[in-house]
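Novice: structure here, sequence nowhere to be found:
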């Protein structure tokens, strides 16, 4: 089976600024795939190239059954852009119907599906209001509705949680999960790592226009060298001072009800854990795996504070680094 999306060595520059530089990745069908990176990393530029809004300066993109970006592929894609594309003077019901027709639905079918979605999203009573009457979060829900009304095979969401409060963020996560269960492949960009961890099977991380990490969520976290041990003494009144003097320990600090023991460079986690257990009887002793946010921050800091060699060192053991000549 062909992948849902194949991106090969794409690059895009604007004047003297290189926004995307030799990025390649492949999205299997039926997964939830995240494009991660800080603001300005090039994520939206990549999604716009996939949607044929702008053309790459080099490289190729193939969608679903090998289709290039364009009208044929667009009929199978649902797209929620970062910059919202709703017409503020149109009524909510009218714009939903219009968006459905643009995606190939009949007017009657667009009206039926749109009405059901508006009711589900708590917007049924706003059907005759103009879009400009809606809050930012409500407009975001209308935009999501417009992206899924035609039941796309590939759903592309650019910063979909922007402007939503926690309740509606949870609702949107549930809706994305529902689209995934329906069979859609979901591709979305975000700089909020917790959303990626909650939703994604696989992620690619972009920094300064280049791919710096590519892998499954579990794979990335397993490869990233854990440096912290969480420890709770069996006796809450026990003296934990000896922990700081153990070999291989760089730092000990309080972390809620536990103590966080940071390993020194090159220290063996197993050896340090054995020493801790011997020094102070534990009620809890575990190696803390880093979150995706930990990985993200380390990579961004390495790229911001150092040169390419520093960035390569930061991701050497947790993913694939790709460098290509600038266009």
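Specialist: Sure, I can see it. Source: prediction; values computed, not measured.
Novice: and the strands in the stretch 101-250 of the chain, which stretches?
Specialist: In the stretch 101-250 of the chain, strands defined by DSSP state E, counting those that start in this stretch lie at 154-158, 185-190, 202-207, 210-216, 228-233, 249-255, listed in chain order.
Novice: could you give the angle of the shortest one to strand 185-190?
Specialist: Between the axis of strand 154-158 and that of strand 185-190 there is an angle of 10 degrees, by axes from the mean of the first three to the mean of the last three C-alpha atoms, to 10 degrees.
Novice: okay if I get the strands of the stretch 101-250 of the chain as a markdown table plus mean pLDDT, distance to residue 261 and mean neighbour count?
Specialist: (C-beta placed from N, C-alpha, C; glycine too.) What follows is the strands of the stretch 101-250 of the chain, written out as a markdown table (pLDDT from 0 to 100; distance: least, C-beta to C-beta, whole Å; neighbours: other C-beta atoms under 10 Å):
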| stretch | mean pLDDT | distance to residue 261 | mean neighbour count |
| --- | --- | --- | --- |
| strand 154-158 | 96 | 39 | 23 |
| strand 185-190 | 94 | 32 | 24 |
| strand 202-207 | 92 | 28 | 25 |
| strand 210-216 | 89 | 27 | 22 |
| strand 228-233 | 91 | 4 | 20 |
| strand 249-255 | 90 | 5 | 14 |
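Novice: to residue 32, which of those strands lies closest?
Specialist: strand 185-190 (4.5 Å; C-beta to C-beta).
Novice: what comes into contact with that closest one?
Specialist: Outside strand 185-190, the residues that touch it by C-beta atoms under 8 Å, 6 or more residues apart in numbering are 4-5, 27-37, 43-44, 46-47, 50, 82, 153-161, 176, 179-180, 196, 199.
Novice: re earlier: adding distance to residue 271, write the strands of the stretch 101-250 of the chain out as CSV.
Specialist: Formatted as CSV, those follow (distance: least, C-beta to C-beta, whole Å):
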stretch, distance to residue 271
strand 154-158, 45
strand 185-190, 38
strand 202-207, 32
strand 210-216, 28
strand 228-233, 11
strand 249-255, 11
